[in-house]
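Asker: From the sequence below, what's the structure:
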Amino acid sequence: MRIMLVTDAWDPQVNGVVRTMKRVITECEQMGHTWDIVSPNGFKTIPLPTYSEIRLAFGAKKVIEERFLEFEPDAVHIATEGPLGWASRAVCLRHKFPYTTSYHTRFPEYVNARFKFVPVWAGYTVFREFHKYSGRVMVATPSMRDELAARGFKNIAPWSRGVDTELFHPAKREDDRGPFKGMAQPIWLNVGRVAVEKNISTFLETPLPGTKVVVGEGPQMEALKEKHPDAHFLGVKQGDELAACFANADVFCFPSLTDTFGLVVLEAMAAGTPVAGFNVPGPRDLIPGTGAGAVNDDLATACMDALKCSREVTRAYAETYSWRACAEQFINNLEPLPVPERRKFWKRLARLRHSLRIRRRKPMPGDKTETTPSSPAQAKAD
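Answerer: Take a look at the predicted model:
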């Protein structure tokens, strides 16, 4: 299929949405599918308030419509609820073209965490409207599906995740603990955006023996450094350096209350590192009963329970997640028009575009035009 992806999150951002979509695209290309990716890159953007690393592209509807008509996609997927998402939604609705969406992030809770005067219910009212006409709203976990259904969302479909079990591997664990050499053990690790919605402050305030390490960057970094001088902040790590951090930790702490899945959870498990988290959507869908970590309403209890888990069992559980299966599930969730209807749709639009070009064509020098005067007076004036 020819798939148009619209996403407000893309390079150089480093987050679960970007990493998931890039891996799905790679897998789908290997299956023969082609893509047109509409992202903020190439548009004039403004920084997201309180989070300047994220750029928002406004006024892109005309360009998106032009690319939609030129690419002639078989399916359109809108990955995010930002300005590009709303603009592409409007284009699809205008042309009566089916599309799908995904719910990667609990933005109503994110917004409330940053701006307390915006109630969570108001955010869900807006987001429910955004997903209202989506053929399928893809969500990562059963808990998230149930929560959205309870809030009135329709057409919810499962879409799990995968993990690179070659990059993230227990073999990268070193006797001297590699990146954590010399630090008091056990090593408690957190990886992700250092931002208020990730609830990292709760992790750093939780009484635990050993050393706490944070990998990543974000707007809350300096404030947390100042408040928690005993913690180690290593900044952004990627590739083998990131894999080494996962493998050499004793427990991965995932304190977020707002993530819908948490790709880093699987990456830690693939490295053999058990995961501790709160009993909320995401952790409670992935961890309980697996032997690969623990969840609890008390993070300290979850951490100490996870410390007892077998690293071999944790790795074996992560191996059950495949990016190819994730990509196939994504493709199955798309809402393409049936082939006969698709052909009729694009032929109709081709005729429409042709007629619009004729109407908009300005007369060129030398063109002969015939006009019929509306009155003798008009003829004389001419």
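
Asker: how about the longest strand along the chain: buried residues?
Answerer: Determined from DSSP state E, the single longest strand within the chain is strand 51-57. Neighbour counts over strand 51-57 (16 or more other CB atoms under 10 Å) mark 51, 54-55, 57 as buried. C-betas here are computed from N, CA, C, even on glycine.

Asker: quick one, what contacts R55?
Answerer: Taking CB atoms under 8 Å, 6 or more residues apart in numbering, we find R55 in contact with 40, 45-48.

Asker: what do you get if the cut-off is 6 Å, keeping everything else the same?
Answerer: By CB atoms under 6 Å, 6 or more residues apart in numbering, the contact set of R55 is 40, 45.

Asker: could the buried residues of strand 51-57 go into JSON lines alongside pLDDT?
Answerer: Compiled in JSON lines, the buried residues of strand 51-57 are given as follows (pLDDT from 0 to 100):
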{"residue": "Y51", "pLDDT": "71"}
{"residue": "I54", "pLDDT": "78"}
{"residue": "R55", "pLDDT": "85"}
{"residue": "A57", "pLDDT": "91"}
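
Asker: Export only the CA atoms of the longest strand of the chain, formatted as PDB.
Answerer: Extracted as PDB, the C-alpha positions of strand 51-57 are listed here (Å, rounded to 0.1, in the frame of the first residue of the first chain):
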ATOM      1  CA  TYR A  51       8.900  22.500  26.100                       C
ATOM      2  CA  SER A  52      10.900  24.300  23.400                       C
ATOM      3  CA  GLU A  53      12.400  21.000  22.100                       C
ATOM      4  CA  ILE A  54       9.100  20.200  20.500                       C
ATOM      5  CA  ARG A  55       8.200  22.300  17.500                       C
ATOM      6  CA  LEU A  56       4.600  22.900  16.300                       C
ATOM      7  CA  ALA A  57       3.800  23.500  12.600                       C
END
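
Asker: Sketch out the strands for this protein, chain order is fine.
Answerer: 2-6, 34-38, 45-48, 51-57, 75-78, 100-102, 137-139, 156-158, 187-191, 211-215, 232-235, 251-254, 275-277, 293-295.

Asker: residue nearest the centroid of this protein?
Answerer: Geometric centre of the chain, nearest residue: V17, 2.2 Å, by CA atoms, centre = their mean.

Asker: count of residues packed around the residue lying closest to that residue once chain neighbours are set aside?
Answerer: Closest residue to V17 apart from its sequence neighbours, by CB to CB, 6 or more residues apart in numbering: A9 at 4.3 Å. Neighbour count for A9, taken as other CB atoms under 10 Å: 24.

Asker: so which of the buried residues of strand 51-57 comes closest to L257?
Answerer: Nearest to L257 among the buried residues of strand 51-57: Y51, at 17.9 Å, using CB to CB.

Asker: Next one: the residue lying closest to that closest one once chain neighbours are set aside from T50, what distance?
Answerer: Nearest residue to Y51, sequence neighbours excluded (CB to CB, 6+ apart): P219, at 5.8 Å. Distance check for P219 against T50: by CB to CB, to the nearest Å, it reads 6 Å.

Asker: which of the two has more neighbours?
Answerer: Legend: neighbour count by other CB under 10 Å for P219 and T50, higher for P219 (15 against 11).

Asker: per-residue pLDDT, that one?
Answerer: At P219, the model reports a pLDDT of 90.

Asker: Over to it: give its phi and psi.
Answerer: When read as degrees, to the nearest 10, the backbone of P219 gives phi -70, psi -20.

Asker: Excluding chain neighbours, what is closest to P281?
Answerer: In space, P281 is closest to S143, 3.6 Å off (CB to CB, 6+ apart).

Asker: now do V236
Answerer: E217 is the one closest to V236 (CB to CB, 6+ apart), at 5.3 Å.

Asker: How about I37?
Answerer: In this structure, I37 finds its nearest non-sequential neighbour in L5, 5.0 Å apart by CB to CB, 6+ apart.

Asker: can you count the residues close to the one you found?
Answerer: 21.

Asker: A294 is in contact with D305, correct?
Answerer: Yes - if you go by CB atoms under 6 Å, D305 and A294 touch, sitting 3.6 Å apart.

Asker: Who has more neighbours out of those two?
Answerer: A294 (24 against 16).

Asker: gap between the more buried one and T211?
Answerer: Taking CB to CB, one finds A294 at 20 Å from T211.

Asker: do the same with P281
Answerer: 29 Å.

Asker: Which one's more surrounded, these two?
Answerer: P281 (25 against 20).

Asker: Provide a list of residues in contact with that one.
Answerer: Contacts of P281 by CB under 6 Å, 6+ apart are 141, 143-144.

Asker: which stretches of the chain have low pLDDT?
Answerer: For the chain, applying pLDDT under 70 flags the ranges 353-382.
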